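Undergrad: Coordinates only, no sequence provided:
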């Protein structure tokens, strides 16, 4: 039998490995269909597993097959070289696999002093656990043997070491100092000739480790985040790491994260390959990791995550959780991030059902908050009313944006509008604008469908400008236009009364101004606008008077002609009957002395405004027969 010291190495013939010992082999080990032609003595002196196989076998030469050997043939070759006394190099990239292979072959000190298992363990504890880069490399290479590495507590020790190094200065743990520059370590310590001086630079980035851990697999990344959380790392920092990891492996997520890109570091001596990630598993894992956090950028991230989740078709529980998380902070969402396209077989352009569910989640969270509020709080001034108003404005803008979709049904629009309570909208101008856009894009809607949609609008909450627009809007049903005109008259009277009241207050002696009067004085410019509109209406009324005068002159001529023709019939001498027969309506004059006419005095200013306003906005302008 050839001594191990005379072995010069191994060579490969075809797919089989042979030892350069000059003696025929007496044991053949098969690993993944690769045969190793070896000798018993070097293996039995180091490997407990092979020693027991030899004891159980009575044959001088036999074949042993190892199923699911950690690391495969390459790792077995390292173990065999160690048994033959050849030089074996342990590195952070192969230490975990060699460690597991030594455990599999039972290469303990019982079968030889300073055996491979003890060497691997010492290298792991002394060289890997105290170095950030080596820990990352060891974890990344552990994926093929993750189960056995977990059994040997290799994974948990690496994760614990990484989380500890994140909490402290990484320069104290053997960080390659030249990786990010020659003057500063990643943790912020100032370097002098590569030596950590201990001095700190004030501007320390807390995200220096985001890029490094992004090379881990999803499972290891999840465990690392959980380990860091138990060590007390702040949730906002962990959220940053999670968002960084998600953007790296979900390319579609970056489309909705404008301005959120992060500079990617390049490594000269830290060459890592990105992990192979199942995107569906990644989204489901990230959904479990992200904490309950509020913020505009975080809400945007959640909505982007929801978009990708709908594209990939993740499980329903994950989608429901994402919608609930978005709903809890809907008041900080933006319109562009809320426009989620419909990726299913739906005919609509946008996923309106998803947004409606998000609104319901928001209302459910708001109701839970208000349960703890004192009952004496005014709902108009309570803290929860401000988020509600923001959401109402957002949803009104959302409805206006999706209203141009010709496939969007009226019931969808109505369900979106009615998903929020009436108290959420101090003004209904946004809702009116959205419905007007919808009516313009859907001219085939029936009057009944339009009226059902218009029932969601409270006309008393329309501004004067919105009322003026609605009263002349030909797309609105006639009944709705009449209601708008009625409430517009009320608003004009209230505005004019308030304007006069403010003017009287200004002419009064100086004194303390009540708080409610301050609001009217602040809105003085609004009342001035109302007065200007009133002047325009008076001009229209004067034009109408001149036209009525012309009609009266024409009518007097017709009356004289009729008198000459109908002298023989006294009953036909009445101009009113004649006019009624020919379809004209008599316009009374103040100079008419007949007993059946009405004496009309000059109109008062308020009556003139109301009459002119009705004439100006009447939808039946063309049906006035003589005009």
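TA: Ah, there it is. Predicted model only: the values in this text are computed from it and were never measured.
Undergrad: quick one, helices of the stretch 201-350 of the chain?
TA: 210-213, 218-230, 235-249, 279-289, 296-312, 316-327, 335-338 (DSSP state H, counting those that start in this stretch).
Undergrad: Out of the ones you listed, flag the one nearest residue 63.
TA: For those, the distance to residue 63 is smallest for helix 218-230, at 36.3 Å, taking Cβ to Cβ. Any C-beta I mention is one placed from the backbone N, CA and C, and that applies to glycine too.
Undergrad: Quick one: the strands in this structure, in order.
TA: 10-13, 16-19, 27-31, 34-38, 62-66, 189-192, 195-200 (DSSP state E).
Undergrad: Which other helices and strands does the fifth one contact?
TA: Spelled out, that is strand 62-66. Packing partners of strand 62-66 (3 or more Cβ pairs under 8 Å, 6 or more residues apart in numbering; DSSP states H and E): strand 27-31, helix 48-56.
Undergrad: quick one: strands adjacent to that strand?
TA: Here strand 62-66 is paired, per DSSP bridges, with strand 27-31 (parallel).
Undergrad: How about residues contacting the strand it pairs with?
TA: The contact list for strand 27-31 (Cβ atoms under 8 Å, 6 or more residues apart in numbering) reads 35-40, 43, 50, 54, 61-66, 69, 72-73, 76.
Undergrad: again, 6 Å this time
TA: 35-38, 40, 63-66, 69, 73, 76 (Cβ atoms under 6 Å, 6 or more residues apart in numbering).
Undergrad: One more: stretch 354-370?
TA: Taking Cβ under 6 Å, 6+ apart as the rule, stretch 354-370 contacts 323-324, 326-328, 330, 340, 384, 416, 419.
Undergrad: For it, buried residues please.
TA: In terms of neighbour count (16 or more other Cβ atoms under 10 Å), stretch 354-370 has its buried residues at 354-355, 357-359, 361-363, 365-366, 370.
Undergrad: Could you list the low-pLDDT ranges of the stretch 351-500 of the chain?
TA: Within the stretch 351-500 of the chain, the stretches with pLDDT under 70 are 367-384, 491, 495-496, 498-500.
Undergrad: Quick check: residue 341 vs residue 401, distance?
TA: Between residue 341 and residue 401 the computed distance is 12 Å (Cβ to Cβ, to the nearest Å).
Undergrad: These two - which one has more neighbours?
TA: residue 401 (16 against 12; other Cβ atoms under 10 Å).
Undergrad: The helices and strands packed on strand 62-66: which one's closest to residue 556?
TA: strand 27-31 (120.7 Å).
Undergrad: so the closest one versus helix 48-56, what angle?
TA: 130 degrees (axes from the mean of the first three to the mean of the last three Cα atoms, to 10 degrees).
Undergrad: Hmm, residue 298 and residue 329 touching each other?
TA: No: between residue 329 and residue 298 there is no contact under Cβ atoms under 6 Å: 7.6 Å.
Undergrad: what's around residue 485, how many residues?
TA: Residues lying near residue 485 (other Cβ under 10 Å) number 18.
Undergrad: what's the answer for residue 58, then?
TA: Neighbour number of residue 58 under other Cβ under 10 Å is 7.
Undergrad: what does residue 406 give?
TA: For residue 406, using other Cβ under 10 Å, the count is 11.
Undergrad: re the thing from before, could I get the contacts of strand 27-31 as a markdown table with pLDDT and neighbour count?
TA: Shown next, in a markdown table, are those (pLDDT from 0 to 100; neighbours: other Cβ atoms under 10 Å):
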| residue | pLDDT | neighbour count |
| --- | --- | --- |
| 35 | 93 | 19 |
| 36 | 93 | 22 |
| 37 | 90 | 16 |
| 38 | 91 | 23 |
| 40 | 88 | 19 |
| 63 | 87 | 11 |
| 64 | 89 | 17 |
| 65 | 90 | 12 |
| 66 | 91 | 20 |
| 69 | 94 | 21 |
| 73 | 93 | 19 |
| 76 | 95 | 22 |
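Undergrad: out of the residues you listed, who's nearest residue 305?
TA: Lowest distance from residue 305 to the contacts of strand 27-31 (Cβ to Cβ) belongs to residue 69, with 40.0 Å.
Undergrad: Which residue is the nearest non-sequential neighbour of that closest one?
TA: Leaving out its chain neighbours, the residue that sits closest to residue 69 by Cβ to Cβ, 6 or more residues apart in numbering is residue 31, at 4.9 Å.
Undergrad: what's across from that neighbour in the sheet?
TA: Here residue 31, judged by DSSP bridges, has bridge partners residue 34, residue 66.
Undergrad: Give me the distance between it and residue 98.
TA: Residue 31 is 14 Å from residue 98, by Cβ to Cβ.
Undergrad: The two: which has the busier surroundings?
TA: residue 98 (27 against 22).
Undergrad: Surely the more buried one touches residue 123?
TA: No: with contact defined as Cβ under 6 Å, residue 98 does not reach residue 123; the gap is 8.8 Å.
Undergrad: picking up where we left off before, can you redo the buried residues of stretch 354-370 as a markdown table with distance to residue 442?
TA: Below are the buried residues of stretch 354-370 laid out as a markdown table (distance: Cβ to Cβ, whole Å):
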| residue | distance to residue 442 |
| --- | --- |
| 354 | 22 |
| 355 | 19 |
| 357 | 24 |
| 358 | 24 |
| 359 | 22 |
| 361 | 29 |
| 362 | 28 |
| 363 | 28 |
| 365 | 33 |
| 366 | 32 |
| 370 | 37 |
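Undergrad: Out of those residues, which is nearest to residue 238?
TA: residue 365 (22.9 Å).
Undergrad: For the closest one, give its distance to residue 318.
TA: With Cβ to Cβ as the criterion, residue 365 and residue 318 are 19 Å apart.
Undergrad: got it, and residue 146?
TA: Relative to residue 318, and taking Cβ to Cβ, residue 146 is found at 24 Å.
Undergrad: Compare the two and say which is more crowded by neighbours.
TA: Neighbours were counted for residue 146 and for residue 318 using other Cβ under 10 Å; residue 318 has more, 20 against 17.
Undergrad: who's in contact with that one?
TA: So residue 318 contacts 284, 287 (Cβ under 6 Å, 6+ apart).
Undergrad: mind listing the helices for the stretch 51-200 of the chain?
TA: 72-83, 95-104, 116-123, 132-140, 146-151, 154-167.
Undergrad: Please identify the most buried of these.
TA: With neighbours taken as mean count of other Cβ atoms under 10 Å, the helices of the stretch 51-200 of the chain reach their highest mean count in helix 95-104, at a mean of 25.
Undergrad: and residue 232, how many neighbours does it have?
TA: Using other Cβ under 10 Å, residue 232 is surrounded by 8 other residues.
Undergrad: any weak-confidence spans in this protein?
TA: If you take pLDDT under 70 as the line, the chain has these spans: 1-7, 169-205, 254-271, 367-384, 491, 495-496, 498-544, 547, 565-627.
Undergrad: quick revisit: closest to residue 21 out of the helices of the stretch 201-350 of the chain?
TA: helix 218-230 (41.2 Å).
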